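# mind looking at a prediction? Sequence and model below.
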Amino acid sequence: MSFDSLGLPDALVKAVKEQGYTEPSPIQAQAIPAVLQGKDVMAAAQTGTGKTAGFTLPLLANLEHGERAKSNQVRALILTPTRELAAQVHASVESYGKNMRLRSAVVFGGVKINPQMQKLRGGIDILVATPGRLLDLYQQNAIRFNQLEVLILDEADRMLDMGFIHDIKRILKALPPKRQNLLFSATFSNDIRALAKGLVNNPVEISVSPRNTTAESITQFIYEVDKTKKSVVLSTLIKDNNWQQVLVFVKTKHGANRLVKTLDARGIRSAAIHGNKSQGARTKALAGFKEGEIQVLVATDIAARGIDIDHLPQVVNFDLPHVSEDYVHRIGRTGRAGNEGQAVSLVCQEEFKLLKDIEKLIKKLIPRKTLAGFEPGEPLPPSTLDTRPARPKKPKKPKVGHRDGQRSGPSTGSNKKQRSVRNNFVG
């Protein structure tokens, strides 16, 4: 199958081919025809499967010949959970739509709102937005939805995890009932299906991978290590193996800053990306990482969501995530679209339960190693695969105060002030 056979206009096929792509990925082969036909879609796909192009290409095709957006109006709205993902999706819209006359924009918190308001005055065909900033603009009458034709929720599962459900419901109330709805998620959890009930109508349901599985192209293993030796083990692995591009996940913002200082002191060019960083600093760090100026990018889970880097070879879990599903999302940054990748986790004694939970989720035991000279004082207990079904989870209490990747609570620090204004497949 080729992109020529999917019914896309020549301008889009040309743009895709100029980037070196000839065959659609499975998610694209299924989603593109359905979206072109105007159907609602629910799609579950792992990261790196090309889902962004799966909705971007047919969206551009459908909007090309319609009536242009009037002042402050939007014809298509793409909601994403984080600023980085919003910027990435908008870059795809601009790249694939470069031969078309459609106007697009991206809006998110952490930057001044006035330039965004000014751009909206001319009317926007495709708007990519985070929920918090979109509501701010709506409440200031800077955006209207009378002309809205399509709503897309990207990474809907993460939006729910980040507490955006109330914002999403408020946005839905402001939209015209007659529209096309596309929902993309890593999984079809019970919460996602509950959201879909009030959103999509007779949807085409697409799933291209089993729930909570890791790509076969990713080699996974752990290093058993004492907690206090993690940073020196990481820097040793980077230098001994000559790793040139490493995405490292940590639990906290302060932990990210500490690790960057440690790595820099050992001659390893590093930068951190997390919620306390300004949008300019986050964009600069990501650009430097992509261009090879920065060797190690240290990230928290929320800030890293949506990072899309071609052929990223290494992902390291400096800290194991407390939510097992986040392990799948983290290591999915590498081994994308069939490319080989390696996921390394540094695991100390205190994290053994987290390791067991992850192994139960992915239904496999992760091979273990030790680094000579840094063997742990107390080895991890042996793992056995727990195949018992998981107990039903208790309903989550609503989270409040989350805006554009910023969490509420004591850990947010200075972000409290911002809260109110808060690829070889195509991807």
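Sure, I can see it.
# can you list the domain ranges for the chain.
Taking automatic domain parsing as the reference, the chain has its domains at 3-207, 218-369.
# any chance of those domains in TSV, plus distance to residue 383, mean pLDDT and mean neighbour count?
For every residue, glycine as well, the C-beta is placed using N, CA and C. TSV is the format used below for the domains of the chain (distance: least, Cβ to Cβ, whole Å; pLDDT from 0 to 100; neighbours: other Cβ atoms under 10 Å):
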stretch	distance to residue 383	mean pLDDT	mean neighbour count
domain 3-207	24	91	20
domain 218-369	5	89	19
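# in a strand, residue 171, correct?
No - counting by DSSP: H, G, I helix; E, B strand; the rest coil, one finds residue 171 to be helix, located in no strand.
# do you know how far it is from residue 362?
Counting by Cβ to Cβ, to the nearest Å, the gap from residue 171 to residue 362 is 34 Å.
# how about the domains of the chain in a markdown table, adding distance to residue 380?
Formatted as a markdown table, the domains of the chain follow (distance: least, Cβ to Cβ, whole Å):
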| stretch | distance to residue 380 |
| --- | --- |
| domain 3-207 | 28 |
| domain 218-369 | 5 |
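# which one of these lies nearest to residue 384?
Comparing these against residue 384 with Cβ to Cβ, the closest turns out to be domain 218-369 (8.1 Å).
# starting at the chain centroid, how far to the closest one?
Centroid separation for domain 218-369 versus its chain: 15 Å, with Cα atoms, centre = their mean, to the nearest Å.
# same check on stretch 79-88?
With Cα atoms, centre = their mean, you get 7 Å for stretch 79-88.
# what about it, start to end distance?
With Cα to Cα, to the nearest Å as the measure, stretch 79-88 spans 12 Å from end to end.
# and stretch 121-134, by the same measure?
Terminal-residue distance, stretch 121-134 (Cα to Cα): 14 Å.
# where along the stretch 251-400 of the chain do the strands fall?
Along the stretch 251-400 of the chain, the segments classed as strands by DSSP state E, counting those that start in this stretch run 270-273, 296-299, 314-317, 341-347, 368-369.
# can you show me the helices along the stretch 301-427 of the chain?
Counting by DSSP state H, counting those that start in this stretch, the stretch 301-427 of the chain has helices at residues 301-304, 324-331, 352-362.
# please tell me I have it right and residue 244 contacts residue 296.
No - counting by Cβ atoms under 8 Å, residue 244 stays clear of residue 296, with 9.6 Å between them.
# still on that earlier bit, need the strands of the stretch 251-400 of the chain in JSON lines with distance to residue 98, can you?
Shown next, in JSON lines, are the strands of the stretch 251-400 of the chain (distance: least, Cβ to Cβ, whole Å):
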{"stretch": "strand 270-273", "distance to residue 98": "28"}
{"stretch": "strand 296-299", "distance to residue 98": "28"}
{"stretch": "strand 314-317", "distance to residue 98": "31"}
{"stretch": "strand 341-347", "distance to residue 98": "30"}
{"stretch": "strand 368-369", "distance to residue 98": "46"}
